[in-house]
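Student: prediction below, plus the sequence it came from.
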Amino acid sequence: MTPKNKQQFEKAKALIPWATQTNAKRLNPNWQNMPPFIKSAKGCRMWDIDDREYIDYRCSLGPIILGYQYEPVDKAVRAQMQNGVLFSMASPIELRAAEAIIKNVPWIEQIRFMKTGADACTACTRLARSYTGRDHILTSGYHGYQDWFALNWPNSGVPEALRQFVHDIPYGDIDAVDHAFDAYGDQLAAAIVEPYDWNDLVGKAYLQRLRQRCDASGTVLIFDEVLTGFRLARGGAQEYFGITPDLAAYAKAIANGYAVSAFAGKKEFMQTLEKTIITITHGGETLSLAACEATMNILREEPVHEHINAMGRRLREGFAEIIKETGVQAYAGGLNPAPFIQFDYDNEEENLQWQNKLFSQLYQKGIFANHRWFISYSHQEADIDETLEKMRTAFREILSS
Ligand code: PMP
């Protein structure tokens with residue numbers, strides 16, 4: 001860590017537990033050269049507080065789908081700012097953003113806005129419990145820090161009594177789906193699942209089984225599309241897999257980085273809002289909704305996903321070439337919007353060491369990535385090629401060290 005970053009980090013740690021608001025932004029002690037603070041970003045590049053430049057493949061952990069400071073989105077926000085940020089009654093932008101989303105995700109019949117992914121997931125499970133009158137839920141994947149999901153953290157601060165109602169299963173495990181439904185089917189209000197976990201295995205059969213079992217037992221199927229929505233495809237995992245849930249949560253790529261999320265779905269389930277309460281003061285905050293409308297329009301009118309897929313394919317194919325050239329035991333995997341390199345030695349410790357060395361080298365060379373490499377509309381061929389050259393050098397340096 002450079003002296004300026006280190007000084008800032010020590011000061012921040014004293015005042016802000018974790019020195020960040022987000023678990024995934026905490027420093028990994030095994031990844032050297034990782035900058036703890038980013039002061040600006042534009043397009044697919046960002047700069048740390050020492051003015052070091054990085055090509056960014058984390059995309060703010062998912063929200064940046066078009067690119068940082070994407071002018072048409074920021075322009076829509078500035079235009080909305082002329083009218084005000086939040087009003088004493090609903091604003092017309094709420095309807096415009098809702099319509100813009102539904103044009104891209106046509107299975108949605110009704111939608112409401114929230115602020116975070118955890119909010120949206122919580123709203124979905126609340127509706128499902130209210131709709132079915134049942135307490136149990138099946139979960140799969142990460143859904144946020146809220147009580148019904150944080151049970152597995154040590155000293156979670158969540159009442160133990162809740163544990164009996166939450167049944168977590170691994171992604172893609174069809175037997176686990178059957179087990180959970182055999183044991184609790186008639187008590188399950190909802191199955192809330194990440195429809196894709198960004199690993200190699202693509203779980204269409206898994207989602208199909210969930211759909212069947214939910215239908216048979218009167219359980220509400222919820223897709224947590226917080227990360228897959230607008231990224232895996234314009235219509236998210238629902239479009240990609242061709243399987244439709246009853247409710248879904250959207251957040252990250254919904255407004256190119258502005259803070260808004262949504263829960264949405266079939267009217268029959270959304271109408272449960274007449275019976276229960278889900279309300280937040282900032283749900284109709286207009287700047288993020290203007291960003292959402294602009295983002296949705298660009299996703300529909302421009303070849304965003306074609307571009308992301310092409311760049312992701314180029315990156316993954318480049319990874320594969322480098323692996324072949326260097327003879328390192330690894331493979332390039334992942335779907336086009338988020339490729340990755342997986343080291344493939346028999347010894348897990350060796351895989352971990354390779355990964356630690358690679359990320360440490362990449363940060364030092366100005367490439368900012370994590371296990372899954374997210375692509376935005378602003379990544380161009382030259383950025384991918386520069387990345388691959390640096391990756392090639394990193395591999396060679398690690399091999400000769
Ligand atoms: N669901 C999924 C699939 C996520 O990836 C995340 C965030 N990583 C969340 C829910 C929670 O979102 P937030 O941090 O905005 O509350």
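Tutor: The structure has been received and is ready for your questions. Just so it is clear, the model here is predicted, and its values are computed rather than measured.

Student: and the stretch 101-250 of the chain, which residues reach the ligand?
Tutor: Remark: the part of the stretch 101-250 of the chain in contact with the ligand comprises Thr116, Gly117, Ala118, Cys121, Gly141, Tyr142, His143, Gly144, Glu194, Asp224, Val226, Leu227, using CB under 6 Å from any ligand atom. From N, CA and C alone the C-beta is placed, and that goes for glycine too.

Student: residue in the protein with the shortest distance to the ligand?
Tutor: Distances between the chain and the ligand by CB to the nearest ligand atom are smallest at Gly117, namely 2.2 Å.

Student: ok, that residue - how many residues close by?
Tutor: 25 (other CB atoms under 10 Å).

Student: picking up where we left off before, among the residues of the stretch 101-250 of the chain next to the ligand, which ones are in helices?
Tutor: Using DSSP state H, the subset of those located in helices is Gly117, Ala118, Cys121.

Student: remind me, longest helix of the protein?
Tutor: Ranking each helix of the chain by length (DSSP H) puts helix 304-326 first.

Student: any buried residues in it, and which?
Tutor: In terms of neighbour count (16 or more other CB atoms under 10 Å), helix 304-326 has its buried residues at 304-305, 307-316, 318-320, 322-323.

Student: same question, stretch 235-246
Tutor: Result for stretch 235-246 [16+ other CB under 10 Å]: buried residues Gly235, Gly236, Ala237, Gln238, Glu239, Tyr240, Phe241, Ile243, Thr244, Pro245, Asp246.

Student: could the residues you listed go into a markdown table alongside secondary structure?
Tutor: Formatted as a markdown table, these follow (DSSP: H, G, I helix; E, B strand; the rest coil):
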| residue | secondary structure |
| --- | --- |
| Gly235 | coil |
| Gly236 | helix |
| Ala237 | helix |
| Gln238 | helix |
| Glu239 | helix |
| Tyr240 | helix |
| Phe241 | helix |
| Ile243 | coil |
| Thr244 | coil |
| Pro245 | coil |
| Asp246 | coil |
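
Student: among those residues, which two are most distant?
Tutor: Tyr240 and Asp246 (17.9 Å; CB to CB).

Student: would you say Leu221 is within a strand?
Tutor: Yes - the assignment for Leu221 (three-state DSSP) places it in a strand.

Student: what residues are up against it?
Tutor: Ala190, Ala191, Val193, Leu210, Arg211, Cys214, Pro245, Asp246, Leu247 (CB atoms under 8 Å, 6 or more residues apart in numbering).
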